[in-house]
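K.L.:
any chance you can model this:
(one chain, ligands or ions: 2)
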Amino acid sequence: MPTTAVEAKIAPSMLSSDFANLASEAERMISFGADWLHMDIMDGYVIASLRKHTKAYLDCHLMVTNPLDYVDQLGKAGASGFTFHVEVSKDNWQEIVKEIKSKGMRPGVALKPGTPIEDVYPLLEGENPVEMVLVMTVEPGFGGQKFIPDMMNKVRTLREKYPKLDIEVDGGLGPSTIDEAAAAGANCIVAGSSVFGDPEPGRVISLLRTSVSKCLKPNFI
Ligand SMILES: O=C(CO)[C@H](O)[C@H](O)COP(=O)(O)O
Ligand SMILES: [Fe+2]
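P.N.:
Ligands and ions are numbered 1, 2, ... in the order given. Below you'll find the model as predicted:
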């Protein structure tokens, strides 16, 4: 299990950015105080082209059926975190995690709203555990959907069991939903439309961070 302190990580989802200006959009978010850039992946070309322009942590969320097919490609493209879905990796997650680590990336596992939290427990135990769990708070697919508050039960359960784990939430996060997610124990926050759609993205990033930081209990450290 991870032993480092749990920290707030704010990750604007580049799915909501202006794709024609990806490099300057990334630079803009980092200058506004973003910690990570969240990349929703269909293939690795976008990662490779953005990597040429930024040193930022590229937090890649693989919404694909065969994650193993993407490990080598994303490793070469310069991905930082590689988060695959538990629903498509029940039989080969150990091999996927090993491959991710061998390419120098950080493994994470995501689960869809209909998937029980117990399904990720095996991936957090043993010799080669994942280092982050991404609790989807909308159905994967596109930005701008409504946050599903029931998912906070999963976050709470996970935080109680794993005080030092990075727990990421993704979908519908913004000023009106962050307090609920932070109170449940989420520390990595993906936010697309709420950040890119605001005239002051830096203000939203800072608000998200403040909410998470307030809830980081001493026992998480
Ligand atoms: O994984 C995703 C969609 O499947 C995106 O990361 C997510 O939609 C972020 O966008 P928003 O904050 O607008 O909901
Ligand atoms: Fe995502």
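
K.L.:
spell out which residues of the chain are next to ligand 1.
P.N.:
For the chain, the contact set with ligand 1 under Cβ under 6 Å from any ligand atom comprises 13, 15-16, 38, 40, 61, 138, 140-145, 170-173, 190-194. (Each C-beta comes from the backbone N, C-alpha and C, glycine too.)

K.L.:
out of those, which are inside helices?
P.N.:
The helices, defined by DSSP state H, take in 193-194 from the residues of the chain next to ligand 1.

K.L.:
let me know the outermost residue of this structure.
P.N.:
For the chain, the C-alpha lying farthest from the average C-alpha position belongs to residue 199; by Cα atoms, centre = their mean, that distance is 23.6 Å.

K.L.:
can you tell me the element that residue falls in?
P.N.:
Using DSSP states H and E, residue 199 falls within no helix or strand.

K.L.:
now it: how far from residue 32?
P.N.:
Distance, residue 199 to residue 32, using Cβ to Cβ, to the nearest Å: 12 Å.

K.L.:
isn't residue 50 right up against residue 58?
P.N.:
Yes: contact criterion Cβ atoms under 8 Å: residue 50 and residue 58 qualify, at 7.0 Å.

K.L.:
got the residue ranges for the helices in this structure?
P.N.:
22-31, 45-51, 68-77, 93-102, 152-161, 178-184, 193-196, 201-215.

K.L.:
any stretches of this protein with poor pLDDT?
P.N.:
1-4, 42-44, 218-221 (pLDDT under 70).

K.L.:
okay, which residue is most central for it?
P.N.:
Note: the chain centre (Cα atoms, centre = their mean) maps to residue 168, 5.0 Å.

K.L.:
my guess is that residue contacts residue 190, does it?
P.N.:
Yes: with contacts counted by Cβ under 8 Å, residue 168 reaches residue 190, the gap being 6.3 Å.

K.L.:
common neighbours of the two, please.
P.N.:
Counting by Cβ atoms under 8 Å, 6 or more residues apart in numbering, the shared contacts of residue 168 and residue 190 are 11, 59, 134.

K.L.:
report the buried residues of stretch 83-97.
P.N.:
By 16 or more other Cβ atoms under 10 Å, the buried positions in stretch 83-97 come out as 83-86, 88-89, 93, 96-97.

K.L.:
any idea how far the residue lying closest to residue 174 once chain neighbours are set aside is from residue 172?
P.N.:
Excluding its sequence neighbours, the residue lying closest to residue 174 (Cβ to Cβ, 6 or more residues apart in numbering) is residue 194, at 2.8 Å. The gap separating residue 194 from residue 172 is 8 Å, by Cβ to Cβ.
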